[in-house]
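>>> sequence plus the predicted model coming up.
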Amino acid sequence: MNETLKNIRNRRSNRAFLPEQLNDTDVQDIIDAGIYSPSATNNQPWHFTVVQRKDIIDRLNDAFKEIASKSDNEYIRRFADNEKFHVFYNAPTIVLVSGDKKNMAASVDCAAAVENMLIAAESLEIGGCWIGLIAYLLNSEEGAEWVKKLEIPEGYNQIHALCLGYKKIEIDNAPKRKENTVNYIK
């Protein structure tokens, strides 16, 4: 099996990271994988914000938990109530992926970028996890201050995030794949 297919099949959501910071070359290679993602009519409607400061990552987690604690949604509130939960799983690097509000395909294009970055991370033996919950904070009124602090460009919505770090544990077993999800018309 070629390396690309192998990395796609081996990629798992990793939620346990070593505290060491990723090296700059690996981070840039992962970001480049996002930049080279496909996008509708090649609009490239994304903006990536790389955060590698533990204090900022932890404060973002705290801000998320604060707003989540006030949510009407029980599922969201449960994250806030869990003292051990960290929205970024204590990863040393996070990438916030924002999309141009004027671009109607931004969420799909940004999703393609996130998947490219996660596959690139796997190819470098770096763990990663797709994080959607942080958009709950950053797209809220309360999150506007964070958007400014993080220098997310005006006119962009927070869509996705990913956390990255050297793997604390290897996850080998792939969940069983659903059957009967493909049909061929020849």
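Cool, got the structure.
>>> mind listing what Val27 touches?
Neighbouring residues of Val27 by Cβ atoms under 8 Å, 6 or more residues apart in numbering: Val50, Gln52, Thr93, Leu164. Quick note: C-beta positions are derived from backbone N, CA and C, even for glycine.
>>> typed the wrong thing, it's Phe85
Contacts here follow Cβ under 8 Å, 6+ apart; on that basis Phe85 touches Lys65, Phe79.
>>> is it in a helix, a strand, or coil?
Following DSSP: H, G, I helix; E, B strand; the rest coil, we place Phe85 in the coil state.
>>> in the helix ranked longest in the chain, what's buried?
Among the elements of type helix in the chain, defined by DSSP state H, the one spanning the most residues is helix 106-123. Applying a neighbour-count criterion of 16 or more other Cβ atoms under 10 Å, one finds 106, 108-123 buried in helix 106-123.
>>> which secondary structure elements does it contact?
Under the contact criterion of 3 or more Cβ pairs under 8 Å, 6 or more residues apart in numbering; DSSP states H and E, helix 106-123 touches helix 3-10, helix 24-35, strand 46-51, strand 93-100, strand 126-131, strand 156-166.
>>> outside of that helix itself, list whatever touches it.
Taking Cβ under 8 Å, 6+ apart as the rule, helix 106-123 contacts 3-4, 7-8, 10-11, 29-40, 43-46, 48, 95, 97-100, 103, 127-128, 130, 157, 159-160, 162, 164.
>>> show me what the residue nearest the centre of the chain bridges to in the sheet.
Computing the C-alpha centroid of the chain and ranking residues by Cα atoms, centre = their mean puts Leu162 first, at 1.9 Å. In this entry, Leu162 is beta-bridged to Val95, Trp130, by DSSP bridges.
>>> now swap in Lys167 and tell me
So, taking DSSP bridges as the rule, Lys167 has Phe17 as bridge partners.
>>> excluding its backbone neighbours, what's nearest Asn43?
Asn103 (5.5 Å; Cβ to Cβ, 6 or more residues apart in numbering).
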